[in-house]
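A.B. asks: sharing a model that was predicted from the sequence below.
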Amino acid sequence: MSGSSARLQAVSAVTNYRPISPPLDFSKTPSGELFGVNVFGLTEMKARLPKEIFKSLKKTIETGAKLDATSADVVASAIKDWAISKGATHYAHVFYPLTGFTAEKHDSFLAPDGNGGAINEFSGKQLIQGEPDASSFPSGGIRNTFEARGYTAWDVTSPAYILENPNGTTLCIPTAFVSWTGEALDKKTPLLRSMQALNKQAQRILKLFGHKEIAMVTATAGAEQEYFLIDRNFYFARPDLLNAGRTLFGAKPPKGQEFEDHYFGAIPERVLAFMLECERELFKLGIPVKTRHNEVAPAQYEIAPVFENANIATDHQQLVMLTLKQVAQKYGMECLLHEKPFAGVNGSGKHLNFSLGNATQGNLLDPGATPHENAQFLTFAAAVIRAVHKYGHLLRAVVASASNDHRLGANEAPPAIISIFLGDQLTDVFEQIKKGGATSSKAVGTLAVGVDTLPTLPKDAGDRNRTSPFAFTGNRFEFRAVASNQSISGPLVALNTIVAESLDYIATTLEKETGGDPSKLNSALQKVLQSIANEHFSVIFNGDGYSDAWHQEAEKRGLPNLKTTVDALPALMRPDVIEVFEKYNVLSKREVESRYNIYLEQYCKAVKVESLLAIEVAKTVIFPAAIRYQSELAVTCANLKAVGYTFDTDTLDKVTNLVKKLQDSVADLEKAAEDAHHHSADVLDEAKHYCHKVLPQMLVVRKAVDELEGIVADDLWPLPTYQEMLFIK
């Protein structure tokens, strides 16, 4: 009998890998000179635009002032000339539909001149507005197949950029995407609306604190992107990875991550070469990536930027994911952004660092050295605490997906219970506020290492907590439950909106209590902060979020534990959620309902694809390998019996039993998958069926397959194993 050669060929190809292109000469052009060279930012605008038009655009970008559309032709001409000087032949309106991925429609600058030639054209109208087909993207019922018209609208606050290709370049213009009837069909439009709402309410608070000059307040974000890298030969030999992004089968290898030797370890040469080129490409696009390192699981890594305006950070995050995947292929690797591509080792998240601030007052979540005296910081921190407690169910819903369900709640990621880690110093300050007033802050100390040649280290006033889904980390909150393959727009829309609601509540209360008299602010502020601390401090938890005791404690505190997507997504339809989105003009009820339907449909589709893949691979790949080995064992047993040897059939019996279990479990999975059709009239009912019937049955099939992997002869096993994919670089 002969086994599958694909796996052995993949191993051979990986071990004999050679770079497919010569190394880059990094000394030729320093990174500092590369940064932003492919971006039509303020510097390029100032150099190419008339002074008054530049000032108008800059005002829109920096203050949120209304865009002056009359200057569009001049701006379009300048962008076109700049892009052509960079080799561009086409322009593309780039937008972010509710698939969560990036979409783009390319058009050529060239137009016939009527004399048998062509000229380059790009008008203000073409810059400001495009018209992709709105019926072919998820709309949740907003658009029908026969209602195809949708518009992309230029987002001047996110700079245009050049996307390079070996055969040319394209001018990319970030845009919003809306239907003909005006509803948001994308991730950008609600984000811009939510940032507008946040600015308005934050400005009210700052005015109450006596500030006269107040720049536009923006949410800021920095998303730490985790990802896996495996050789593409392994990737193409695994139908489950190729089609579902995760392994549906795979026995636990003898060695996993238990030695804790991969985290922050030396980066493999091939991987580091990939990282260096990735960073080079991202620098060209003005993306301020800062950190790279090995993550906890074998073959897992992380890239992280510094803070940016949340809208720009969201656009940049999409480019980071795209660049990671494109550059990985150049080095013969596949970048896996699925939250759980491999069972039994850590999954990948996208830790979203969130803050807010402006050019005049700085970071509004910076506590300073003595936070008990920093009333302004305490006000904004209290607003976040109140928002997270009041709308924890919403925050859980905006990170819900079929893929993230495999990660949340495991001992590797924050639990599905949304709580806040404040740390010892801030917890102590708010405990004092609860009792009537804060008069002290735990001091920042120093740490003596005990080696004379090493410096004394400054010691923070509190520890960090990796088990918290929403942790204060010095001058920002880190939302750790965000999924690695997800746009950060949804979480930011929710955070901006609920924090705006809390700031509105605080501002309205203070305005009423003070009656415009600044001398009454301190007492009014003490009262409202004490009220928030008393009513919402149950969301604060500084302990071990992985422990069973916390789950029991959270239930006593009334904190929801929404373990799966089907538990979490209905929160979008809660009256209080719809009300808060509508109140601040972020999403209408119809727009919220559309997202609820889309995300449930995406969940069903994802699990359906996985179940069909599991059936196909089990029947056409695993089963043939198992019966080949079963046949070899049977022939061996028959031969031994024929020559009179005493023998046992334990291995044959075990393989035979597992083959039977595999056949039976696949049949049960086929029935469970087929039964999903009976629930398709109600999308939530269908999602529940996939969650509670199909997914558990997939695990039954997996158990039989993974046991067979540990018995079937290695030369017959057809799929690349975890041991090979995770450890052969």
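C.D. replies: The structure has been received and is ready for your questions.

A.B. asks: quick one: residues contacting the nearest residue to Asn358 once chain neighbours are set aside.
C.D. replies: Once flanking residues are discounted, Asn358 sits nearest to Ala215: 4.1 Å by Cβ to Cβ, 6 or more residues apart in numbering. C-beta coordinates here come from the backbone N, C-alpha and C atoms, glycine included. The contact partners of Ala215, by Cβ atoms under 8 Å, 6 or more residues apart in numbering, come to Glu62, Thr63, Asn358, Ala359, Thr360, Gln361.

A.B. asks: part of a helix, is Ala215?
C.D. replies: No. Going by DSSP: H, G, I helix; E, B strand; the rest coil, the assignment for Ala215 is coil, not a helix.

A.B. asks: give me the pLDDT value at the residue nearest the centre of the chain.
C.D. replies: The centroid of the chain falls nearest to Gln486 when counting by Cα atoms, centre = their mean (3.5 Å). Listed pLDDT for Gln486 reads 95.

A.B. asks: these two touch, right, it and Ala402?
C.D. replies: No. Between Gln486 and Ala402 no contact is recorded; they are 11.6 Å apart, counting by Cβ atoms under 8 Å.

A.B. asks: measure the residue nearest to Asn358 to Gly357 for me?
C.D. replies: Here the distance between Ala215 and Gly357 works out to 9 Å (Cβ to Cβ, to the nearest Å).

A.B. asks: overlap of the contact sets of the two?
C.D. replies: With Cβ under 8 Å, 6+ apart, Ala215 and Gly357 have no common neighbours.

A.B. asks: remind me, longest helix of this protein?
C.D. replies: helix 589-617 (DSSP state H).

A.B. asks: please point out which parts of that one sit buried.
C.D. replies: Buried positions in helix 589-617, judged by neighbour count with 16 or more other Cβ atoms under 10 Å: 591-600, 602-604, 606-608, 610-611, 613-615, 617.

A.B. asks: next one, pLDDT for the residue nearest to Thr15 when sequence neighbours are not counted please.
C.D. replies: Excluding the flanking residues, the one nearest Thr15 by Cβ to Cβ, 6+ apart is Ile728, at 6.6 Å. Here, the pLDDT recorded for Ile728 equals 86.

A.B. asks: again with Ala494
C.D. replies: Per-residue pLDDT puts Ala494 at 98.

A.B. asks: I figured it hits Leu394, correct?
C.D. replies: Yes. At 5.4 Å, Ala494 and Leu394 qualify as touching, with contact defined as Cβ under 8 Å.

A.B. asks: convert the C-alpha atoms of the longest strand along the chain to PDB, please.
C.D. replies: Counting by DSSP state E, the longest strand found in the chain is strand 218-231. Coordinates of each C-alpha in strand 218-231 appear next as PDB, following Å, rounded to 0.1, in the frame of the first residue of the first chain:
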ATOM      1  CA  THR A 218     -10.200  62.100  19.200                       C
ATOM      2  CA  ALA A 219     -10.100  58.500  20.200                       C
ATOM      3  CA  THR A 220      -6.700  57.000  19.800                       C
ATOM      4  CA  ALA A 221      -5.900  53.400  19.100                       C
ATOM      5  CA  GLY A 222      -3.000  51.000  18.800                       C
ATOM      6  CA  ALA A 223      -3.800  47.400  17.900                       C
ATOM      7  CA  GLU A 224      -1.300  44.700  18.700                       C
ATOM      8  CA  GLN A 225      -1.600  42.100  15.900                       C
ATOM      9  CA  GLU A 226      -0.900  38.500  16.700                       C
ATOM     10  CA  TYR A 227      -0.500  36.000  13.900                       C
ATOM     11  CA  PHE A 228       0.900  32.600  12.900                       C
ATOM     12  CA  LEU A 229       3.400  31.800  10.100                       C
ATOM     13  CA  ILE A 230       3.700  28.400   8.500                       C
ATOM     14  CA  ASP A 231       5.300  27.200   5.300                       C
END
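
A.B. asks: could you give me the average pLDDT of that strand?
C.D. replies: For strand 218-231, mean pLDDT is 96.

A.B. asks: and if you look at stretch 683-697?
C.D. replies: 96.

A.B. asks: got the end-to-end distance for that stretch?
C.D. replies: Start and end residues of stretch 683-697 are separated by 20 Å (Cα to Cα, to the nearest Å).

A.B. asks: in it, what counts as buried?
C.D. replies: Judged by neighbour count using 16+ other Cβ under 10 Å, the buried positions of stretch 683-697 are Val683, Leu684, Glu686, Ala687, Lys688, His689, Tyr690, Cys691, Lys693, Val694, Leu695, Gln697.

A.B. asks: ok, stretch 172-186 next?
C.D. replies: Neighbour-count burial for stretch 172-186, with 16+ other Cβ under 10 Å as criterion, is recorded at Cys172, Ile173, Pro174, Thr175, Ala176, Phe177, Val178, Ser179, Glu183, Ala184, Leu185, Asp186.

A.B. asks: right, and the last one touches Val94 too?
C.D. replies: No. Shown here, Asp186 and Val94 do not form a contact pair, counting by Cβ under 8 Å, at 10.7 Å.

A.B. asks: okay, angle between the helix or strand where Pro624 lies and helix 589-617 too, please.
C.D. replies: Using DSSP states H and E, Pro624 sits within helix 623-642. Computed by axes from the mean of the first three to the mean of the last three Cα atoms, to 10 degrees, the angle separating helix 623-642 from helix 589-617 equals 20 degrees.

A.B. asks: coming back round to it: from the contacts of Ala215, keep the buried residues only.
C.D. replies: With burial judged by 16+ other Cβ under 10 Å, the buried subset of the contacts of Ala215 is Asn358, Gln361.

A.B. asks: name the residues of the helix holding Pro624 that are buried.
C.D. replies: Buried-residue list, helix 623-642, by 16+ other Cβ under 10 Å: Phe623, Ala625, Ala626, Ile627, Arg628, Tyr629, Gln630, Glu632, Leu633, Cys637.

A.B. asks: distance of the first one from Ile615?
C.D. replies: According to Cβ to Cβ, Phe623 stands 11 Å off from Ile615.

A.B. asks: quick check: neighbours shared by the two?
C.D. replies: Counting by Cβ under 8 Å, 6+ apart, the common neighbours of Phe623 and Ile615 are Val666.

A.B. asks: which other helices and strands does the helix or strand encompassing Asp675 contact?
C.D. replies: Asp675 is located in helix 650-675, with elements delineated by DSSP H and E. Secondary-structure packing of helix 650-675 (3 or more Cβ pairs under 8 Å, 6 or more residues apart in numbering; DSSP states H and E): helix 589-617, helix 623-642, helix 695-709.

A.B. asks: which elements pack onto the first one?
C.D. replies: Contacts defined by 3+ Cβ pairs under 8 Å, 6+ apart place helix 589-617 against helix 239-244, helix 565-568, helix 575-583, helix 650-675, helix 683-689, helix 695-709.

A.B. asks: quick one: the helices in the stretch 301-450 of the chain, in order.
C.D. replies: Taking DSSP state H, counting those that start in this stretch as the criterion, the stretch 301-450 of the chain carries its helices at 310-330, 375-390, 392-397, 424-434.
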